[in-house]
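> this one's structure only:
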């Protein structure tokens, strides 16, 4: 009698919308969930992200078991180790998996293939169900194009899917986007929406307690309120459509001190682990417009983020890999400032650092530290803008976004950081770097009025660092951008600055960079476990820091799940299996057995 077919459920496939599972249980089919130690140890993941992924996986596994599916869960050194061990233990006939969504998963599946073949078990890869545009379709669109601009891709997707289109083939409202209408500052007397919250259930609270004990992770589990089931994610989608989408368009770029969400949906984390599908978000937004619940700029602005930018970013990720990981067209050399990990000067690594005095940067990083999120403009025009002006290596910034954001995965962050925000790809995604003085932040936020720095000054102790660094950045890259069609005007403005003042600006920029404490312990390329990517040496800033460089040396090897793990002394580890816990459910009957001594936290 042939063995079962195993369906590997990846960490971003936490519902039957995207997992490669039939609609109903089938005899001879087992859903396999794996926590990877290597993946969990690869970055200092935010604890909210760990809880989100592990709890969503656990809830989905339990839901499948209750629905009668056979379910197999295990902790393994790596995804490939886990798949091979599961296939061997269950006597599998075949392993079915989704094509890797990140390069690390592609590598893991390819390592598993020959090992499975040696057992007589074929590996069958299927197209990712979590997107509206297949990878092959994106490559067909990109083939032969000199410019791979999101706007052109977005229009193609609108036409292909018939979203916000009229019978005559023209876009609804006579325009493809309404960006110019969506740039309002949040009014000072307008109430800020309360954050969406889902109270953690017993399963999530147990995972929170577990994650709280793990070492070398960022943030705390306190305040975790994200949806971890499809039902809860759908409830938040309903509330977003009625409560926030009407204000989303005009205020999508606004920033308010202490408010990470404003009118944003906060659904990207649920979307990126498969609790929601992009098609239903697009359909709900368009329906709200057609039923006159929201304006066209609000509906179109949200649809563009989901159907345009998200699909485009995923396509560009694969189009640019693997070179995307080391993209650095501006030849930046600096590591990430410690402010990105410790904005209030709190202890991180070996000790505290000086607090960040830039109100916009400190607040936006504080929001990420406390919640694992902040909306796209703070990411682009504060956090990425500052790092680009400072000269941070794109891969170092990408590492922070990847580790720190609950919706961040390499396919998300790498194109956004190494492509768009830092211009690391030399202009393939965007025609010019997304850099600015403090004037943009002042126009779109309430930060500057109470900041210790003066947003209108570009020299002197009170000068806004964005102003100082911006003009220094243009001076540094003058030859590169002097004839650039979208940068030439900025270069002409640079040339209008008196020579003596520009020398002062550049001297002040050099002193400012030298005054910062940098994260010298972190690699400045994105981690790629077992992928053979060459690691660049850690580069320290040439200027004298105010204190010794922070370093972190874990005392133990760290086990990790799909996004995290428990600290376990290395000597307790065995090759190929780490404290494996196997739970198998069958249609109509659940059975539990343990194939290795459980760890303390799993008893």
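Now that the structure is in, tell me what you want to look at. Just so it is clear, the model here is predicted, and its values are computed rather than measured.
> And the strands in the stretch 201-350 of the chain?
With DSSP state E, counting those that start in this stretch as the criterion, the stretch 201-350 of the chain has strands at 347-348.
> quick one: low-confidence ranges for it?
Across the stretch 201-350 of the chain, the ranges flagged by pLDDT under 70 are 350.
> Show me the shaky parts of the protein.
In the chain, residues with pLDDT under 70: 350-351, 521-603.
> could you say what helices and strands the lengthiest helix in it packs with?
Ranked by number of residues, the top helix in the chain under DSSP state H is helix 47-66. Judged by 3 or more CB pairs under 8 Å, 6 or more residues apart in numbering; DSSP states H and E, helix 47-66 is in contact with strand 5-9, strand 29-36, strand 70-76, helix 202-212, strand 582-586. Using the backbone N, CA and C atoms, a C-beta is placed for each residue, glycine as well.
> Now do the buried residues in it.
Within helix 47-66, the residues scored as buried using 16 or more other CB atoms under 10 Å are 47-65.
> now stretch 225-239
The neighbour-count check on stretch 225-239 (16+ other CB under 10 Å) flags 226-230, 232-234, 236-237 as buried.
> Just flag the most distant two among the residues you listed.
Farthest pair in these (CB to CB) is 228 and 237. Separation: 14.7 Å.
> what sits up against stretch 473-480?
330, 388-389, 435, 481, 490-491, 494, 502, 505-506 (CB atoms under 8 Å, 6 or more residues apart in numbering).
> I'd like the distance from the strand or helix carrying residue 387 to the chain centre, please.
Per DSSP states H and E, residue 387 falls inside helix 385-390. Offset of helix 385-390 from its chain centre (CA atoms, centre = their mean, to the nearest Å): 19 Å.
> And stretch 240-257, by the same measure?
So, by CA atoms, centre = their mean, the centroid of stretch 240-257 is 21 Å from its chain's centroid.
> And what about the residue positioned nearest the centre of the chain, helix, strand or coil?
In the chain, the centroid-proximal residue (CA atoms, centre = their mean) is residue 408; its distance is 1.3 Å. Three-state call for residue 408 (DSSP: H, G, I helix; E, B strand; the rest coil): coil.
> Could you do the one 5 residues further on as well?
Classification of residue 413 into helix, strand or coil gives helix, according to three-state DSSP.
> Roughly how far does it sit from residue 404?
The spacing between residue 413 and residue 404, counted by CB to CB, to the nearest Å, is 9 Å.
> what's the answer for residue 309, then?
From residue 309 across to residue 404, the span is 20 Å (CB to CB).
> List the residues that contact residue 398.
Residue 398 makes contact with 410, 413-414, 417-418, 526, according to CB under 8 Å, 6+ apart.
> now residue 463
So residue 463 contacts 453-454, 457, 508 (CB under 8 Å, 6+ apart).
> can you tell me which two in those residues are farthest apart?
Across those, the two members that end up farthest from each other (CB to CB) are 454 and 508, 13.4 Å apart.
> the more surrounded of the two?
Comparing residue 454 with residue 508 by other CB atoms under 10 Å, the one with more neighbours is residue 508, at 21 against 15.
> Just confirm that one contacts residue 462, I think it does.
No. Between residue 508 and residue 462 there is no contact under CB atoms under 8 Å: 11.3 Å.
> right, so of the helices and strands packed on helix 47-66, which gets closest to residue 361?
Smallest distance to residue 361 across these (CB to CB): 27.0 Å, for helix 202-212.
> Would you mind pulling up the elements that that closest one packs against?
Applying 3+ CB pairs under 8 Å, 6+ apart, one finds that helix 202-212 makes contact with helix 47-66.
> what inclination does the helix it packs on have with respect to strand 29-36?
Angle, helix 47-66 to strand 29-36, by axes from the mean of the first three to the mean of the last three CA atoms, to 10 degrees: 160 degrees.
> quick one: contacts for residue 9?
Neighbours of residue 9 in contact, by CB under 8 Å, 6+ apart: 19-21, 31-33, 57, 60-61.
> let's go with 6 Å and repeat that
If you count contacts by CB atoms under 6 Å, 6 or more residues apart in numbering, residue 9 has them with 19, 31, 33.
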